[in-house]
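# here is a sequence with its predicted model. Questions after.
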Amino acid sequence: MLMTANSAHAFGKQASPVVVTAAQMAELAPTAWYSASVFSRNEALVAAEVSGRLILVADVGQIIKKGRVLAKLDGTLARLEVTESNAEVQQEEAKNRFLIKEVARLKQLAKTNNAAQTLLEKTISERDTSRAELAVAKARLEQAKFRLERSVVRAPFTGTVVNQILRTGEWVSSGNAVVHFVDTTSLEVRARASLSALQFLHIGDELLVKEGKKEHRMTIHSLVPVGDPQSRLLELRLQGLPGNMAIGQAVRVAIPTAATRNVLAVPRDALVLRRSGASVYVIAEDNKAQRIAVQTGVAGGTLIEVSGNLQAGDQIVVRGGERLRPGQEVAIKKATKQ
(Lines give C-alpha, C1' and ligand atoms only; values in the text may rest on other atoms or scores of the structure.)
Protein backbone atom coordinates (compact mmCIF):
# COMPACT_ATOMS: atom_id res chain seq x y z
CA MET A 1 0.00 0.00 0.00
CA LEU A 2 1.45 3.34 -1.11
CA MET A 3 1.20 5.89 1.70
CA THR A 4 0.89 9.61 0.95
CA ALA A 5 2.08 12.35 3.24
CA ASN A 6 -1.50 13.21 4.17
CA SER A 7 -2.41 9.59 4.98
CA ALA A 8 0.73 9.16 7.07
CA HIS A 9 -0.11 12.37 8.92
CA ALA A 10 -3.61 11.03 9.58
CA PHE A 11 -2.24 7.80 10.99
CA GLY A 12 0.13 9.75 13.18
CA LYS A 13 -2.70 11.71 14.77
CA GLN A 14 -4.61 8.53 15.69
CA ALA A 15 -2.34 6.40 17.89
CA SER A 16 -3.31 2.73 17.96
CA PRO A 17 -3.19 0.99 21.38
CA VAL A 18 -0.80 -1.98 21.44
CA VAL A 19 0.86 -4.31 23.92
CA VAL A 20 4.58 -4.92 23.44
CA THR A 21 7.36 -7.11 24.75
CA ALA A 22 11.05 -7.42 24.00
CA ALA A 23 12.51 -9.92 21.55
CA GLN A 24 14.83 -12.20 23.50
CA MET A 25 17.42 -14.90 23.22
CA ALA A 26 15.98 -18.22 24.40
CA GLU A 27 16.90 -21.89 24.58
CA LEU A 28 14.52 -23.69 22.22
CA ALA A 29 14.42 -27.11 20.60
CA PRO A 30 12.37 -28.58 17.74
CA THR A 31 9.54 -30.79 18.97
CA ALA A 32 7.14 -33.46 17.75
CA TRP A 33 3.63 -33.92 19.09
CA TYR A 34 2.67 -37.25 20.64
CA SER A 35 -0.71 -38.46 21.83
CA ALA A 36 -1.02 -39.03 25.58
CA SER A 37 -3.68 -39.66 28.20
CA VAL A 38 -4.46 -38.66 31.77
CA PHE A 39 -4.08 -41.44 34.36
CA SER A 40 -4.46 -41.73 38.11
CA ARG A 41 -1.24 -42.25 40.04
CA ASN A 42 -3.14 -44.43 42.52
CA GLU A 43 -5.45 -47.11 41.17
CA ALA A 44 -6.17 -50.55 42.61
CA LEU A 45 -8.38 -53.59 42.49
CA VAL A 46 -8.87 -53.77 46.25
CA ALA A 47 -9.10 -57.40 47.37
CA ALA A 48 -10.33 -59.17 50.48
CA GLU A 49 -7.61 -60.67 52.68
CA VAL A 50 -9.91 -63.31 54.19
CA SER A 51 -12.83 -65.38 52.94
CA GLY A 52 -16.45 -64.74 53.81
CA ARG A 53 -19.85 -63.45 52.73
CA LEU A 54 -20.06 -59.76 51.85
CA ILE A 55 -22.52 -57.82 53.96
CA LEU A 56 -21.54 -54.33 52.68
CA VAL A 57 -19.89 -52.93 49.54
CA ALA A 58 -19.42 -49.19 48.93
CA ASP A 59 -21.54 -47.75 46.13
CA VAL A 60 -20.10 -46.85 42.74
CA GLY A 61 -19.10 -43.18 42.69
CA GLN A 62 -18.72 -43.01 46.45
CA ILE A 63 -15.65 -41.13 47.68
CA ILE A 64 -13.90 -43.01 50.49
CA LYS A 65 -11.09 -41.52 52.56
CA LYS A 66 -7.94 -43.50 53.33
CA GLY A 67 -8.55 -46.04 56.09
CA ARG A 68 -12.34 -45.86 55.85
CA VAL A 69 -14.57 -48.86 55.07
CA LEU A 70 -14.83 -50.05 51.47
CA ALA A 71 -16.51 -53.39 52.21
CA LYS A 72 -17.42 -55.66 55.12
CA LEU A 73 -17.54 -59.44 55.42
CA ASP A 74 -19.63 -61.41 57.86
CA GLY A 75 -17.29 -61.63 60.86
CA THR A 76 -19.36 -64.07 62.97
CA LEU A 77 -17.00 -67.01 62.43
CA ALA A 78 -13.93 -64.85 63.03
CA ARG A 79 -15.37 -63.56 66.32
CA LEU A 80 -16.05 -67.13 67.48
CA GLU A 81 -12.47 -68.07 66.58
CA VAL A 82 -11.20 -65.16 68.68
CA THR A 83 -13.31 -66.30 71.65
CA GLU A 84 -12.13 -69.92 71.29
CA SER A 85 -8.48 -68.95 70.91
CA ASN A 86 -8.68 -66.59 73.85
CA ALA A 87 -10.02 -69.46 76.03
CA GLU A 88 -7.15 -71.71 74.86
CA VAL A 89 -4.63 -69.05 75.86
CA GLN A 90 -6.17 -68.72 79.32
CA GLN A 91 -6.12 -72.51 79.72
CA GLU A 92 -2.46 -72.77 78.72
CA GLU A 93 -1.52 -69.85 80.97
CA ALA A 94 -3.15 -71.55 83.98
CA LYS A 95 -1.39 -74.82 83.17
CA ASN A 96 1.93 -73.05 82.75
CA ARG A 97 1.57 -71.19 86.06
CA PHE A 98 0.88 -74.50 87.85
CA LEU A 99 3.91 -76.24 86.31
CA ILE A 100 6.19 -73.31 87.17
CA LYS A 101 5.15 -73.57 90.83
CA GLU A 102 5.43 -77.36 90.74
CA VAL A 103 8.99 -77.23 89.43
CA ALA A 104 9.92 -74.77 92.21
CA ARG A 105 8.35 -77.05 94.86
CA LEU A 106 10.11 -80.18 93.56
CA LYS A 107 13.45 -78.37 93.46
CA GLN A 108 13.01 -77.45 97.10
CA LEU A 109 12.14 -81.05 98.03
CA ALA A 110 15.07 -82.37 96.04
CA LYS A 111 17.40 -80.49 98.35
CA THR A 112 16.25 -82.69 101.24
CA ASN A 113 16.09 -85.86 99.10
CA ASN A 114 12.30 -85.95 99.48
CA ALA A 115 11.64 -85.91 95.73
CA ALA A 116 12.94 -88.19 93.02
CA GLN A 117 15.17 -86.55 90.41
CA THR A 118 13.20 -88.22 87.63
CA LEU A 119 9.96 -86.59 88.78
CA LEU A 120 11.63 -83.19 88.81
CA GLU A 121 13.00 -83.66 85.32
CA LYS A 122 9.60 -84.82 84.06
CA THR A 123 7.90 -81.75 85.54
CA ILE A 124 10.51 -79.44 84.04
CA SER A 125 9.87 -81.05 80.64
CA GLU A 126 6.11 -80.55 81.05
CA ARG A 127 6.68 -76.91 82.03
CA ASP A 128 8.79 -76.27 78.92
CA THR A 129 6.21 -78.01 76.73
CA SER A 130 3.50 -75.88 78.31
CA ARG A 131 5.45 -72.73 77.45
CA ALA A 132 5.59 -73.80 73.81
CA GLU A 133 1.88 -74.67 73.75
CA LEU A 134 1.10 -71.27 75.30
CA ALA A 135 3.10 -69.56 72.54
CA VAL A 136 1.16 -71.55 69.90
CA ALA A 137 -2.15 -70.62 71.53
CA LYS A 138 -1.21 -66.92 71.56
CA ALA A 139 -0.23 -67.13 67.90
CA ARG A 140 -3.60 -68.70 67.05
CA LEU A 141 -5.33 -65.90 68.96
CA GLU A 142 -3.44 -63.27 66.96
CA GLN A 143 -4.37 -65.04 63.72
CA ALA A 144 -8.01 -65.08 64.74
CA LYS A 145 -7.87 -61.36 65.60
CA PHE A 146 -6.19 -60.69 62.24
CA ARG A 147 -8.96 -62.51 60.38
CA LEU A 148 -11.59 -60.56 62.33
CA GLU A 149 -9.85 -57.26 61.62
CA ARG A 150 -9.45 -58.10 57.93
CA SER A 151 -13.15 -58.90 57.61
CA VAL A 152 -13.38 -55.14 57.08
CA VAL A 153 -11.83 -54.02 53.76
CA ARG A 154 -10.45 -50.49 54.09
CA ALA A 155 -9.42 -47.92 51.49
CA PRO A 156 -5.63 -47.97 50.86
CA PHE A 157 -5.81 -44.29 49.81
CA THR A 158 -8.46 -41.62 49.36
CA GLY A 159 -10.35 -42.29 46.15
CA THR A 160 -13.58 -43.11 44.32
CA VAL A 161 -15.27 -46.47 43.83
CA VAL A 162 -15.30 -47.00 40.07
CA ASN A 163 -16.83 -50.47 39.98
CA GLN A 164 -18.28 -53.10 42.32
CA ILE A 165 -16.62 -56.33 41.22
CA LEU A 166 -18.51 -58.29 43.88
CA ARG A 167 -21.78 -57.26 45.52
CA THR A 168 -23.46 -57.60 48.89
CA GLY A 169 -24.43 -61.21 49.59
CA GLU A 170 -21.76 -62.77 47.38
CA TRP A 171 -19.01 -65.02 48.73
CA VAL A 172 -15.49 -63.68 48.46
CA SER A 173 -12.36 -65.79 48.78
CA SER A 174 -9.07 -64.48 50.12
CA GLY A 175 -7.31 -62.55 47.35
CA ASN A 176 -10.45 -61.89 45.27
CA ALA A 177 -10.95 -58.28 44.15
CA VAL A 178 -14.02 -56.60 45.62
CA VAL A 179 -13.96 -53.06 44.15
CA HIS A 180 -12.09 -51.07 41.52
CA PHE A 181 -10.81 -48.05 43.43
CA VAL A 182 -9.22 -44.93 41.86
CA ASP A 183 -7.69 -41.75 43.24
CA THR A 184 -9.17 -38.99 41.06
CA THR A 185 -7.09 -36.18 42.57
CA SER A 186 -3.53 -37.42 42.06
CA LEU A 187 -3.18 -37.40 38.28
CA GLU A 188 -0.41 -37.67 35.71
CA VAL A 189 -0.01 -37.68 31.95
CA ARG A 190 1.50 -40.76 30.36
CA ALA A 191 2.98 -40.56 26.90
CA ARG A 192 4.96 -42.87 24.66
CA ALA A 193 7.68 -41.30 22.55
CA SER A 194 10.28 -42.41 20.03
CA LEU A 195 13.44 -43.94 21.47
CA SER A 196 15.43 -41.33 19.54
CA ALA A 197 14.06 -38.65 21.90
CA LEU A 198 15.58 -40.31 24.97
CA GLN A 199 18.84 -38.33 24.76
CA PHE A 200 16.86 -35.07 24.92
CA LEU A 201 14.68 -36.01 27.92
CA HIS A 202 15.58 -35.78 31.61
CA ILE A 203 13.74 -36.03 34.92
CA GLY A 204 12.60 -32.52 35.89
CA ASP A 205 12.35 -31.21 32.31
CA GLU A 206 9.22 -29.20 31.51
CA LEU A 207 7.18 -30.14 28.45
CA LEU A 208 4.25 -28.42 26.77
CA VAL A 209 0.94 -30.28 27.07
CA LYS A 210 -2.13 -29.34 25.00
CA GLU A 211 -5.63 -30.01 26.24
CA GLY A 212 -7.81 -28.89 23.33
CA LYS A 213 -6.98 -25.20 22.95
CA LYS A 214 -5.50 -24.95 26.45
CA GLU A 215 -1.76 -25.29 27.06
CA HIS A 216 0.00 -26.39 30.25
CA ARG A 217 3.63 -26.75 31.29
CA MET A 218 4.21 -30.09 33.01
CA THR A 219 7.28 -31.72 34.56
CA ILE A 220 8.72 -35.16 33.76
CA HIS A 221 8.68 -37.08 37.04
CA SER A 222 9.23 -40.57 35.67
CA LEU A 223 11.10 -41.80 32.61
CA VAL A 224 11.31 -45.44 31.55
CA PRO A 225 14.39 -45.69 29.28
CA VAL A 226 13.34 -49.06 27.87
CA GLY A 227 11.64 -49.19 24.49
CA ASP A 228 9.04 -51.66 23.39
CA PRO A 229 10.70 -54.07 20.88
CA GLN A 230 7.82 -53.73 18.43
CA SER A 231 6.77 -50.09 18.66
CA ARG A 232 10.25 -48.71 19.52
CA LEU A 233 8.59 -46.32 21.96
CA LEU A 234 9.57 -45.42 25.52
CA GLU A 235 7.25 -44.21 28.28
CA LEU A 236 7.40 -40.98 30.19
CA ARG A 237 5.11 -39.60 32.89
CA LEU A 238 4.45 -35.97 33.69
CA GLN A 239 2.99 -34.27 36.74
CA GLY A 240 1.55 -30.82 37.38
CA LEU A 241 -1.93 -31.26 35.91
CA PRO A 242 -4.65 -28.69 36.60
CA GLY A 243 -7.36 -29.99 38.90
CA ASN A 244 -10.18 -29.94 36.35
CA MET A 245 -8.81 -32.69 34.09
CA ALA A 246 -10.43 -36.13 34.02
CA ILE A 247 -8.89 -39.59 34.02
CA GLY A 248 -8.85 -40.97 30.49
CA GLN A 249 -8.80 -37.54 28.89
CA ALA A 250 -6.74 -37.32 25.70
CA VAL A 251 -3.97 -34.72 25.47
CA ARG A 252 -0.92 -34.07 23.31
CA VAL A 253 2.67 -33.64 24.48
CA ALA A 254 5.44 -31.74 22.67
CA ILE A 255 8.60 -33.84 22.93
CA PRO A 256 11.99 -32.50 21.76
CA THR A 257 13.56 -34.16 18.72
CA ALA A 258 16.91 -32.36 18.88
CA ALA A 259 19.13 -30.53 21.32
CA THR A 260 18.20 -27.02 22.45
CA ARG A 261 19.69 -24.03 20.65
CA ASN A 262 20.11 -20.41 21.73
CA VAL A 263 17.94 -18.48 19.27
CA LEU A 264 16.23 -15.13 18.88
CA ALA A 265 12.61 -15.63 19.86
CA VAL A 266 9.36 -13.70 20.11
CA PRO A 267 5.92 -14.69 21.45
CA ARG A 268 3.78 -16.56 18.95
CA ASP A 269 1.14 -13.85 19.29
CA ALA A 270 3.57 -11.34 17.78
CA LEU A 271 3.46 -13.01 14.35
CA VAL A 272 1.34 -11.36 11.68
CA LEU A 273 0.57 -13.99 9.06
CA ARG A 274 -0.23 -12.94 5.48
CA ARG A 275 -0.10 -14.65 2.12
CA SER A 276 3.20 -12.96 1.49
CA GLY A 277 4.66 -14.53 4.65
CA ALA A 278 5.15 -13.86 8.35
CA SER A 279 6.12 -10.55 9.87
CA VAL A 280 6.27 -8.70 13.19
CA TYR A 281 5.79 -5.06 14.10
CA VAL A 282 8.69 -3.35 15.85
CA ILE A 283 8.13 -0.08 17.70
CA ALA A 284 10.82 2.46 16.92
CA GLU A 285 12.02 5.24 19.23
CA ASP A 286 9.52 7.65 17.65
CA ASN A 287 6.68 5.34 18.81
CA LYS A 288 5.85 4.31 15.25
CA ALA A 289 5.35 0.77 14.01
CA GLN A 290 7.72 -0.81 11.50
CA ARG A 291 6.78 -4.10 9.85
CA ILE A 292 9.69 -6.54 9.65
CA ALA A 293 9.48 -9.73 7.56
CA VAL A 294 10.72 -12.79 9.45
CA GLN A 295 11.28 -16.49 8.92
CA THR A 296 10.14 -18.76 11.71
CA GLY A 297 11.96 -21.74 13.19
CA VAL A 298 11.60 -23.96 16.24
CA ALA A 299 8.94 -23.23 18.85
CA GLY A 300 8.78 -23.85 22.55
CA GLY A 301 5.91 -22.91 24.83
CA THR A 302 4.70 -19.43 23.94
CA LEU A 303 7.92 -18.53 22.10
CA ILE A 304 8.97 -19.12 18.50
CA GLU A 305 12.32 -18.64 16.78
CA VAL A 306 12.50 -15.82 14.22
CA SER A 307 15.19 -14.57 11.87
CA GLY A 308 15.20 -11.27 10.02
CA ASN A 309 16.16 -7.68 10.61
CA LEU A 310 15.68 -8.02 14.39
CA GLN A 311 17.81 -8.16 17.47
CA ALA A 312 17.30 -8.99 21.13
CA GLY A 313 15.69 -6.10 23.02
CA ASP A 314 13.62 -4.80 20.10
CA GLN A 315 10.10 -3.88 21.24
CA ILE A 316 7.72 -6.26 19.47
CA VAL A 317 3.93 -5.81 19.27
CA VAL A 318 2.10 -8.82 20.74
CA ARG A 319 -1.43 -7.35 20.89
CA GLY A 320 -2.97 -5.01 18.33
CA GLY A 321 -0.60 -5.82 15.48
CA GLU A 322 -3.38 -7.13 13.20
CA ARG A 323 -4.77 -3.59 12.74
CA LEU A 324 -1.47 -1.74 12.39
CA ARG A 325 -0.03 -0.19 9.25
CA PRO A 326 3.65 0.60 8.64
CA GLY A 327 4.51 4.00 10.05
CA GLN A 328 1.44 4.20 12.26
CA GLU A 329 1.91 5.83 15.66
CA VAL A 330 1.07 3.63 18.63
CA ALA A 331 0.12 4.02 22.28
CA ILE A 332 1.81 1.35 24.39
CA LYS A 333 -0.63 0.01 26.99
CA LYS A 334 1.32 -2.49 29.04
CA ALA A 335 4.32 -4.73 28.61
CA THR A 336 3.64 -8.46 28.83
CA LYS A 337 5.57 -10.66 31.29
CA GLN A 338 7.80 -13.44 29.93
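Done, it's in.
# mind listing what's buried in the longest helix seen in the chain?
Ranked by residue count under DSSP state H, the longest helix found in the chain is helix 76-110. Buried positions in helix 76-110, judged by neighbour count with 16 or more other C-beta atoms under 10 Å: 77-78, 81-82, 85-86, 88-89, 92, 95-96, 99, 102-103, 106. For every residue, glycine as well, the C-beta is placed using N, CA and C.
# need the max-distance pair from the residues you listed.
77 and 106 (43.0 Å; C-beta to C-beta).
# so, low pLDDT: which residues of the stretch 51-200 of the chain?
Scanning the stretch 51-200 of the chain for pLDDT under 70 picks out 114-115.
# quick one, helices of it?
76-110, 117-149 (DSSP state H, counting those that start in this stretch).
# mind putting these into CSV with distance to residue 54?
Shown next, in CSV, are those (distance: least, C-beta to C-beta, whole Å):
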stretch, distance to residue 54
helix 76-110, 13
helix 117-149, 15
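# for residue 240, which of these is the nearest?
helix 117-149 (38.5 Å).
# what helices and strands are in contact with the closest one?
With contacts defined as 3 or more C-beta pairs under 8 Å, 6 or more residues apart in numbering; DSSP states H and E, helix 117-149 has these neighbours: helix 76-110.
# ignoring the adjacent residues along the chain, who's closest to residue 43?
Closest residue to residue 43 in three dimensions, ignoring its sequence neighbours and counting by C-beta to C-beta, 6 or more residues apart in numbering: residue 182, at 4.8 Å.
# wait, the one you found touches residue 163, no?
No - at 9.3 Å, residue 182 does not count as touching residue 163 under the criterion of C-beta atoms under 8 Å.
# more crowded one of these two?
Neighbours per residue (other C-beta atoms under 10 Å) separate residue 182 from residue 163, with residue 182 holding more: 20 against 11.
# distance check, that one against residue 252.
Here the criterion is C-beta to C-beta, to the nearest Å. By it, residue 182 lies 23 Å from residue 252.
# same check, this time on residue 19
According to C-beta to C-beta, residue 19 stands 28 Å off from residue 252.
# and what of residue 24?
On the measure of C-beta to C-beta, residue 24 and residue 252 end up 26 Å apart.
# also residue 237?
The gap separating residue 237 from residue 252 is 15 Å, by C-beta to C-beta.
# then residue 168?
Per C-beta to C-beta, residue 168 is found 43 Å from residue 252.
# and the two? which has more neighbours close in?
The residue with more neighbours, out of residue 168 and residue 252, is residue 252; 17 against 12, by other C-beta under 10 Å.
# you'd agree that one is in a helix?
No - assigned with DSSP: H, G, I helix; E, B strand; the rest coil, residue 252 falls outside any helix and is strand.
# for it, list each beta-bridge partner.
Beta bridges link residue 252 to residue 35, residue 210, judged by DSSP bridges.
# please apply the same query to the one 10 residues further on.
Partner residues in beta bridges with residue 262, using DSSP bridges, are residue 27.
# pretty sure it contacts residue 29?
No - here residue 262 does not reach residue 29: they are 10.7 Å apart, not a contact under C-beta under 8 Å.
# burial count for residue 292?
Residues within reach of residue 292, counting by other C-beta under 10 Å, total 18.
# tally of neighbours for residue 205?
15.
# and the residue nearest to it when sequence neighbours are not counted, what element?
The shortest distance from residue 205 to any non-neighbouring residue, by C-beta to C-beta, 6+ apart, is to residue 220 (4.9 Å). Here residue 220 sits within strand 214-224, counting by DSSP states H and E.
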